[in-house]
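Peer 1: Could you look at this predicted model? Sequence included:
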Amino acid sequence: MNSAIRNIYRLIIIVFLLACVILTVRSGLIEYLSDPNEILYTIRLVGQHVNMVIVSMAIATTLGLSIGIIFTRPRLKRFSGIIMYIVGLGQTVPSLAVIAIAMSFLGIGFKAAVFALFTYSILPIARNTIAGIRSVPPWIIDAAKGMGMPGLQILFQVEIPNAMKVILTGFRVALVINIGTAALAFLIGAGGLGEHIFTGIDLMRSDKLLAGAIPTALLALLADYMCELLGLIIIPRGLRLTQGVR
Amino acid sequence: MNIIAFIMDNAERCWSLTLDHISIVSFSIFLAGLIGIPTGIIISHNKKTAQKVINIANIFMTIPSIALFGLMLPLLAIAGYGLGKVPAIIALVLYSQLPIIRNTYVGIRNIPPELVEAATGLGMDRWTRLKEIEIPLAMPVIIAGLRNAAVMNIGIAAIAAYIGAGGLGVFIQQGIARAYEDMILAGAILVALLAILIDCGMSLLEKILTPKGIRITGDLGV
């Protein structure tokens, strides 16, 4: 029974891969990418894309983590509900709208795109940092206090490691959304792989379109996978097996 | 305040685009629920399959929306549906699968086993148990999944304007092309308002559809 299901599973994957190969050959993607100029250009677009994502994620992670940590300190704890509400509200604004609004304030180009990406990615990170730290069981913190740890030590040795799983999920969500939104940054003149996609749609050229869409999708999947690996490194071993973090 | 003037001047167009947007999103959510909720129920009895199905749904979620439109375009172009509402709705249905399946699964898994046992003890067969116990108790969590999906889809449907699906994204698209700030902001604000409105509406629905008995304890969900 089980092996039959596995065989079907394998068959589906093989058929899927075959369809992908036929699609790439038929659409002329391979021919397109074997042109030395085009492949160089595509690599440059990937570089632009990754550059945007890294810069905006670096700023967003720093700020998001600090916001999350600041608003879970005992003195400011009462504001964390309001922050969560604002963040939730901000997340309902669609990514395209954020990009467009950034353009209307900052003009076109790299700066506006990075600004839009970072404001959009900060939300899941801050939200998950607050949620993660809040969900650390109070008795663990009490125990840390009882051992005589000062506030900062409690934060770095107890609260953050315990919240790491949730924080990392926020980072992962933010990163994946960021890569997708960076594809829209072409619309405000920041380049990136969106250039191939949108030009391909406008010209109705599937080779160009796929040369943008496939790397973008792969980039997002790769980032997702890397975050999973990152989790194996930075989540403390004692917390990995138990499911009681949340 | 030019934005308000813009919306006033183009009230009719705003209205028709909003209706367009709502119709795309609601149709796709309806379809997605039709596929996702039964899938979630079926996999709730088998942890291994559930993990696989959720992983596959997660892959679709991870692929950026504009890339997914791009990947589908040449495929659907063979059938003559490369642009327009069809690819948009297919993409939205695919994106909604993860929140809907996951929440249905979690909702049914989180039902206290003693309740299910009690139902079995009462002589209910599998189907009655599902209908009388499992689905009503999991309802708030399932609706929460639909709500997540709906809010997300409103944002993605805005991007679908670039593949000719219409909706409020048209304002943003044309606004960017013309560098016409009021138009961009009008589109952005209307989309955001729509998302917030749907979010509130769905949370109301969540409250209404929660069975009376568990409203106070209420703590079944994630």
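Peer 2: Sure, I can see it.
Peer 1: got the contact list for residue A:204?
Peer 2: Counting by Cβ atoms under 8 Å, 6 or more residues apart in numbering or on different chains, residue A:204 touches residue B:82. Every C-beta, even on glycine, is put in place using the N, C-alpha and C of the backbone.
Peer 1: And residue B:36, by the same measure?
Peer 2: Residue B:36 makes contact with B:96, B:97, B:100, B:101, B:104, B:145, according to Cβ under 8 Å, 6+ apart.
Peer 1: quick check: longest helix of the chain.
Peer 2: Looking at chain A here, since you left the chain open. Counting by DSSP state H, the longest helix found in chain A is helix A:36-70.
Peer 1: My question was about chain B, not that one.
Peer 2: Per DSSP H, chain B has its longest helix at helix B:11-43.
Peer 1: Tell me the first helix or strand C-terminal of that helix.
Peer 2: Where DSSP states H and E defines the elements, the next helix or strand beyond helix B:11-43 is helix B:47-62.
Peer 1: Now do the buried residues in that next one.
Peer 2: Neighbour-count burial for helix B:47-62 flags B:50, B:53, B:54, B:57, B:58, B:61, B:62 (criterion: 16 or more other Cβ atoms under 10 Å in any protein chain shown).
Peer 1: Spit out the contact partners of residue 105.
Peer 2: No chain specified, so I'll use chain A. Contacts of residue A:105 (Cβ under 8 Å, 6+ apart): residue A:112.
Peer 1: meant chain B actually
Peer 2: Taking Cβ under 8 Å, 6+ apart, we find residue B:105 in contact with B:40, B:43, B:44, B:50, B:54.
Peer 1: Name the residues of chain A found near chain B, please.
Peer 2: Residues of chain A lying close to chain B (Cβ under 8 Å from any Cβ of the partner chain) are A:23, A:27, A:89, A:91-98, A:100-101, A:103-104, A:176, A:179-181, A:183-184, A:187-188, A:194, A:197-198, A:200-201, A:204, A:206, A:209-210, A:212-214, A:216-217, A:220-221, A:224.
Peer 1: which of those residues are buried?
Peer 2: Looking at those with 16+ other Cβ under 10 Å, the buried ones turn out to be A:23, A:27, A:91-98, A:100-101, A:103-104, A:176, A:179-181, A:183-184, A:187-188, A:194, A:197-198, A:200-201, A:206, A:209-210, A:212-214, A:216-217, A:220-221, A:224.
Peer 1: quick one: which of those residues sit in helices?
Peer 2: Counting by DSSP H, these place A:23, A:27, A:91, A:95-98, A:100-101, A:103-104, A:176, A:179-181, A:194, A:197-198, A:200-201, A:206, A:209-210, A:212-214, A:216-217, A:220-221, A:224 in helices.
Peer 1: How many residues are close by residue B:127?
Peer 2: Residue B:127 has 8 neighbouring residues, counting by other Cβ atoms under 10 Å in any protein chain shown.
Peer 1: Give me the pLDDT for the residue positioned nearest the centre of chain B.
Peer 2: In chain B, the residue lying closest to the centroid (Cα atoms, centre = their mean) is residue B:149, at 2.6 Å. The confidence metric pLDDT takes the value 93 at residue B:149.
Peer 1: okay, now the domains of chain A?
Peer 2: Listed domain ranges for chain A are A:1-32, A:35-241 (source: automatic domain parsing).
Peer 1: okay, these, which one's buried deepest?
Peer 2: Among those, ranked by average contacts under mean count of other Cβ atoms under 10 Å in any protein chain shown, first place goes to domain A:35-241 (a mean of 19).
Peer 1: The residue nearest to the spatial centre of chain A and residue B:59, how far apart?
Peer 2: Residue closest to the mean C-alpha point of chain A, counted by Cα atoms, centre = their mean, is residue A:175 at 1.3 Å. The spacing between residue A:175 and residue B:59, counted by Cβ to Cβ, to the nearest Å, is 15 Å.
Peer 1: With residue A:86 instead?
Peer 2: Taking Cβ to Cβ as the measure, residue A:86 falls 31 Å from residue B:59.
Peer 1: How about residue B:77?
Peer 2: Noted for residue B:77: a distance of 23 Å to residue B:59, by Cβ to Cβ.
Peer 1: now do the same end-to-end measure for stretch B:72-90.
Peer 2: 9 Å (Cα to Cα, to the nearest Å).
Peer 1: Any residue of that stretch touching chain A?
Peer 2: Yes - using Cβ under 8 Å from any Cβ, stretch B:72-90 reaches chain A at B:73, B:74, B:75, B:77, B:82, B:83.
Peer 1: any chance of the contacts of residue B:36 in JSON lines, with distance to chain A too?
Peer 2: Formatted as JSON lines, these follow (distance: Cβ to the nearest Cβ, whole Å):
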{"residue": "B:96", "distance to chain A": "15"}
{"residue": "B:97", "distance to chain A": "16"}
{"residue": "B:100", "distance to chain A": "17"}
{"residue": "B:101", "distance to chain A": "17"}
{"residue": "B:104", "distance to chain A": "19"}
{"residue": "B:145", "distance to chain A": "16"}
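Peer 1: got the residues you listed as CSV, with pLDDT columns?
Peer 2: Output for the contacts of residue B:36, formatted as CSV (pLDDT from 0 to 100):
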residue, pLDDT
B:96, 92
B:97, 93
B:100, 94
B:101, 94
B:104, 93
B:145, 92
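Peer 1: Closest to residue A:138 out of these?
Peer 2: residue B:145 (29.8 Å; Cβ to Cβ).
Peer 1: nearest residue to the closest one other than its sequence neighbours?
Peer 2: Distances taken as Cβ to Cβ, 6 or more residues apart in numbering or on different chains place residue B:103 nearest to residue B:145, at 2.8 Å, with adjacent residues excluded.
Peer 1: Enumerate every residue touching the one you found.
Peer 2: Applying Cβ under 8 Å, 6+ apart, we find residue B:103 in contact with B:40, B:141, B:142, B:144, B:145, B:146, B:148, B:222.
Peer 1: Sitting in helices, which of those do you find?
Peer 2: Taking DSSP H, the ones among the contacts of residue B:103 that sit in helices are B:40, B:141, B:142, B:144, B:145, B:146, B:148.
Peer 1: Sort out which of those are buried, if you could.
Peer 2: By 16+ other Cβ under 10 Å, the ones in helices among the contacts of residue B:103 give B:40, B:141, B:142, B:144, B:145, B:146, B:148 as buried.
Peer 1: ok, the fourth one to residue B:180 distance?
Peer 2: Spelled out, that is residue B:144. Distance from residue B:144 to residue B:180, by Cβ to Cβ: 38 Å.
Peer 1: Also the last one?
Peer 2: Distance from residue B:148 to residue B:180, counting by Cβ to Cβ: 33 Å.
Peer 1: same question, residue A:21
Peer 2: 44 Å.
Peer 1: Phi and psi next, for residue B:44.
Peer 2: In terms of degrees, to the nearest 10, the main-chain angles of residue B:44 are phi -70, psi -10.
Peer 1: Much appreciated, bye for now.
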